[in-house]
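Colleague: I'll drop the sequence and a predicted model, then ask my questions.
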Amino acid sequence: MPLSSSTTPSSPTKNSIDTLEHFKTTKIVPLPTASPDEICCICQEQYDESHEAVTVLVKNCYHRFGQDCLERYLNSKSRQSNTCPQCRQVWYTREPATADLENTLSIDSWIAEDLSPFQARPESRPTTHQIRQTLRQDEAFALGMVNSHLGEALEHLNRVRDILSDGGTYASDIIPVLKTVERQAREIHEGLQHQQDVHVSASSRECSRLLGDIRRLQARIAEADSEFDSDPLDLW
């Protein structure tokens, strides 16, 4: 369940702890039995050796989180960091002066500043968890670039089709545009050979379809050009 600033924290119970440090030392325990497909509600990532799970031992809560994620959450400036991100059960009692100061900060700004999955941490070596998140960001960026170039190629291909629909058009009018389309399609297709993501593979299939369309257009242009010249034009 994602964090929400609109959830109202529950009232403190007799089990509430008096300080953050007391809470950390007495109410957070490792969870070696977390299932492989279980995810942390803070970062939305699965648990593994570099992203270990812990459980909060507070009555009516008992939720689990990634150990590092929970540590950053508890140390953040969020006005609700003394409550569970899932159920908003109060974990420990704030000191009044600290609470007054932190009430000026929103949980949304804390998420943006403290929990960015791609935030640089030069003081330590990246974990498998962090590397996986960085790779996903890189894949998303690459996919965006591919789709942008693919869109341009399809626009040029539409121009070729419009030109061919004009009965008075000569092959020489189409060749420059068609060459541009084929060059873009080949560059995109070659760049996608090293991508394994399912969405990128779908774009690769679209590029293959585009190359097929181009080959069919080449045949039509060569046929039309042969009507004006005894030697068919070498398009490429």
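Modeller: Perfect, I can see it now.

Colleague: Now the closest residue in space to residue 68 that isn't next to it in sequence, what are its backbone angles?
Modeller: Excluding the flanking residues, the one nearest residue 68 by C-beta to C-beta, 6 or more residues apart in numbering is residue 51, at 7.3 Å. For every residue, glycine as well, the C-beta is placed using N, CA and C. Torsion angles at residue 51 (phi, psi; degrees, to the nearest 10) stand at phi -140, psi 70.

Colleague: Find me the pLDDT at residue 51, would you?
Modeller: Residue 51 is assigned a predicted lDDT (pLDDT) of 83.

Colleague: so what's it bridging to?
Modeller: Legend: beta-bridge partners of residue 51 under DSSP bridges are residue 48.

Colleague: measure it to residue 176 for me?
Modeller: Distance of residue 51 to residue 176, given as C-beta to C-beta, to the nearest Å: 53 Å.

Colleague: got it, and residue 49?
Modeller: 56 Å.

Colleague: just to revisit the earlier point, pretty sure the residue nearest to residue 68 sits against residue 66.
Modeller: Yes: judged on C-beta atoms under 8 Å, residue 51 makes contact with residue 66 at a distance of 5.1 Å.

Colleague: the more surrounded of those two?
Modeller: residue 66 (26 against 21; other C-beta atoms under 10 Å).

Colleague: check contacts around the more buried one.
Modeller: For residue 66, the contact set (C-beta atoms under 8 Å, 6 or more residues apart in numbering) comprises 40, 42-43, 45, 47, 51-54, 129.

Colleague: with these in mind, which one is nearest to residue 18?
Modeller: residue 54 (20.7 Å; C-beta to C-beta).

Colleague: Could I get the CA-only coordinates of the helix or strand where that closest one lies as CSV?
Modeller: Using DSSP states H and E, the element containing residue 54 is strand 53-56. C-alpha atoms of strand 53-56 as CSV (Å, rounded to 0.1, in the frame of the first residue of the first chain):
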residue,chain,number,x,y,z
ALA,A,53,12.8,-7.3,5.7
VAL,A,54,12.1,-6.4,9.3
THR,A,55,8.9,-6.5,11.3
VAL,A,56,7.5,-3.9,13.7
